[in-house]
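**Student:** this one's sequence-less:
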């Protein structure tokens, strides 16, 4: 339910190292026109990309709209990081900041959270001066629990140059990036789902919802489960290792089985575990399941499962209890609680 409209141009500087005002205004007007055509003219549009294929665009499904104008040429010395046209806010990125933000906030949740908080900031601080690029504002955001709430009641805000460089030198930030390396294993699973066929697109979107820190936690849980499965049951026949994680809004089920087991059996088991987990963690309506082999190796097969049961009735409860009785799944689970800090103590 979020739309981000990008407009990307390579503008040239004049001799005075300024953009031509007319060209900048043309860009900003173009992005407003794009927004209008998408959401106000009600023209029937069809979107297409290599992974998702063709789909009809439904403007009524969108709840949040963000406009970004990225000027990827050589930047001005002093640059406005936000503009307003026809009452709409437009985020203006330089080439340097575009590279920084897409590397630093490289999940959709992290990216949108910053854009939204930046717009909130502009709703209560009327004048903001950055001595440097927008990365100085981003640095403050990251160093203050990803919030600008401290600035409420401030009429004039000035952020000095150097905040971004200071952040990159902080031991906590260096440690965070080291800890985040494992999270890109989750990105690999998302890519696997994307390439599994048209029916897996919705699943891939759900897998992509977690932010970078959440992906780190999920990746650690998945990899640790894989290691335990490999060490505990390697070589045994018809053995499985299961792990269920209750997250906010979603329950994740991981299954590891010997690779000689039929895929049909693995898929059926994954579905059963996800159904039972939905009943046990009844406040989560959504369940995502991932199954793979026990043996750790560079290439392996995956099975996925996505379920959204919005109402859990007595009928589902009786089915779950019957399935539990037959399979013994999650009748006596071993509970573990793990603490993880986004910025590790150093």
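**Tutor:** Yep, that arrived. Everything numeric here is computed off the predicted structure, so don't read it as measured data. Numbering: from 1, shown residues only.
**Student:** all helices of the protein, in order?
**Tutor:** Along the chain, counting by DSSP state H, helices occupy 21-39, 95-104, 108-124, 135-143, 163-169, 171-180, 184-194, 201-207, 212-233, 263-280, 314-327.
**Student:** for residue 56, find the nearest of the ones you listed.
**Tutor:** Distance to residue 56, taken as Cβ to Cβ, is lowest for helix 21-39 among the helices of the chain, at 12.7 Å. Every residue, glycine included, has its C-beta placed from N, CA and C.
**Student:** which residues are in contact with that closest one?
**Tutor:** 3, 5, 7, 9, 11, 43, 45, 57, 59, 62, 65, 67-69, 71, 83, 85-86, 88, 90 (Cβ atoms under 8 Å, 6 or more residues apart in numbering).
**Student:** what's the answer for stretch 104-111, then?
**Tutor:** 2, 101-102, 113-114, 138, 142, 208-212, 214-215.
**Student:** dump the residues you listed into JSON lines; add neighbour count and pLDDT as well.
**Tutor:** Listed next are these as JSON lines, based on neighbours: other Cβ atoms under 10 Å; pLDDT from 0 to 100:
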{"residue": "2", "neighbour count": "14", "pLDDT": "94"}
{"residue": "101", "neighbour count": "21", "pLDDT": "97"}
{"residue": "102", "neighbour count": "12", "pLDDT": "97"}
{"residue": "113", "neighbour count": "16", "pLDDT": "98"}
{"residue": "114", "neighbour count": "20", "pLDDT": "98"}
{"residue": "138", "neighbour count": "20", "pLDDT": "97"}
{"residue": "142", "neighbour count": "21", "pLDDT": "96"}
{"residue": "208", "neighbour count": "17", "pLDDT": "96"}
{"residue": "209", "neighbour count": "16", "pLDDT": "96"}
{"residue": "210", "neighbour count": "24", "pLDDT": "97"}
{"residue": "211", "neighbour count": "19", "pLDDT": "98"}
{"residue": "212", "neighbour count": "20", "pLDDT": "98"}
{"residue": "214", "neighbour count": "20", "pLDDT": "97"}
{"residue": "215", "neighbour count": "26", "pLDDT": "98"}
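**Student:** how about these in JSON lines, adding distance to residue 331?
**Tutor:** Shown next, in JSON lines, are the contacts of stretch 104-111 (distance: Cβ to Cβ, whole Å):
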{"residue": "2", "distance to residue 331": "40"}
{"residue": "101", "distance to residue 331": "47"}
{"residue": "102", "distance to residue 331": "46"}
{"residue": "113", "distance to residue 331": "39"}
{"residue": "114", "distance to residue 331": "44"}
{"residue": "138", "distance to residue 331": "48"}
{"residue": "142", "distance to residue 331": "44"}
{"residue": "208", "distance to residue 331": "33"}
{"residue": "209", "distance to residue 331": "30"}
{"residue": "210", "distance to residue 331": "29"}
{"residue": "211", "distance to residue 331": "33"}
{"residue": "212", "distance to residue 331": "35"}
{"residue": "214", "distance to residue 331": "29"}
{"residue": "215", "distance to residue 331": "30"}
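**Student:** ok so, going back, from the contacts of helix 21-39, which land in strands?
**Tutor:** Cross-referencing the contacts of helix 21-39 against strands under DSSP state E gives 3, 5, 7, 9, 65, 67-69, 71, 83, 85, 88, 90.
**Student:** please produce a ChimeraX select command covering the buried subset of the residues you listed.
**Tutor:** Of the ones in strands among the contacts of helix 21-39, the buried ones go into a single ChimeraX selection, burial set by 16 or more other Cβ atoms under 10 Å:
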select :3,5,7,67,68,69,71,83,85,90
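**Student:** which of the ones in strands among the contacts of helix 21-39 lies closest to residue 157?
**Tutor:** Nearest to residue 157 among these: residue 83, at 17.5 Å, using Cβ to Cβ.
**Student:** for stretch 57-76, buried residues please.
**Tutor:** Going by neighbour count (16+ other Cβ under 10 Å), the buried part of stretch 57-76 is 66, 67, 68, 69, 70, 71, 75, 76.
**Student:** can you name the two of these that are farthest apart?
**Tutor:** 66 and 76 (22.7 Å).
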